[in-house]
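Colleague: pasted the sequence and its predicted model underneath.
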Amino acid sequence: MELTAYSLTVVPGLVQTPAYANAILHGDKEAVDARIRRQEILRKDPPPALTVLLDEAVLHREVGSKEIMREQLEYLISVAGRHVTVQVVPSNGEHGGNSGPFVVATLEDRSEVVYVESAYRGLTLSEPEALAAVARTLRELRSLALPMAASIELIRRTVEERWT
């Protein structure tokens, strides 16, 4: 299985620290616990490949406190590696990802399902036209994203300059 998560406002739930999730979810312990439990998928053997594409604004948007942001961004750096790819999409204009966050799950049989978040609820989509539209957006985002090494360096620099 492969998961690709794009977010333009906050760190995706699969790689949120408990403190960051607590701030995002306004202290709703049940929701925080559920979010952290969903991260167990990353500890499967073998774990799914996870690609996290973050709009650069995520690095600068304060969630909770400076300490929470520092911990969260340092956590992102620590999980980047063999099974987790972290890339930053520079905040420099219009692109298809500005329409909102999504997660693409590519299953073992190579079929895909897309989860799109909204203020009201999340939607799971598998219709060919929806998958094609998300695939176009994902290609565009990947073409704009910094390579992983440059992304990690940008995250590290942001921690030092803004959150320390």
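Modeller: Sure, I can see it.

Colleague: quick one, strands of the chain?
Modeller: Here the chain has its strands, by DSSP state E, at 2-7, 49-55, 84-89, 102-106, 112-116, 123-125.

Colleague: show me the contacts for residue 163.
Modeller: 66, 69-70, 73 (Cβ atoms under 8 Å, 6 or more residues apart in numbering). Where C-beta positions appear, they are placed from N, C-alpha and C, glycine not excepted.

Colleague: just the buried ones from the residues you listed?
Modeller: Neighbour-count burial within the contacts of residue 163 applies to 69-70, 73; the criterion is 16 or more other Cβ atoms under 10 Å.

Colleague: could I get the residues you listed as JSON lines with pLDDT and distance to residue 103?
Modeller: JSON lines is the format used below for these (pLDDT from 0 to 100; distance: Cβ to Cβ, whole Å):
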{"residue": "69", "pLDDT": "98", "distance to residue 103": "22"}
{"residue": "70", "pLDDT": "98", "distance to residue 103": "25"}
{"residue": "73", "pLDDT": "98", "distance to residue 103": "20"}
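
Colleague: so of these, which ones are in helices?
Modeller: Using DSSP state H, 69-70, 73 are the members of the buried ones among the contacts of residue 163 that sit in helices.

Colleague: circling back to that earlier point, wait, which of the strands of the chain is closest to residue 143?
Modeller: strand 84-89 (9.6 Å; Cβ to Cβ).

Colleague: what residues sit buried inside that closest one?
Modeller: Neighbour count says strand 84-89 has 84-89 buried, by 16+ other Cβ under 10 Å.

Colleague: chain center to that strand: distance?
Modeller: Centroid separation for strand 84-89 versus its chain: 8 Å, with Cα atoms, centre = their mean, to the nearest Å.

Colleague: in this structure, which helix is the longest?
Modeller: helix 128-144.

Colleague: tell me what angle that one forms with strand 84-89.
Modeller: On the basis of axes from the mean of the first three to the mean of the last three Cα atoms, to 10 degrees, helix 128-144 is oriented at 80 degrees to strand 84-89.
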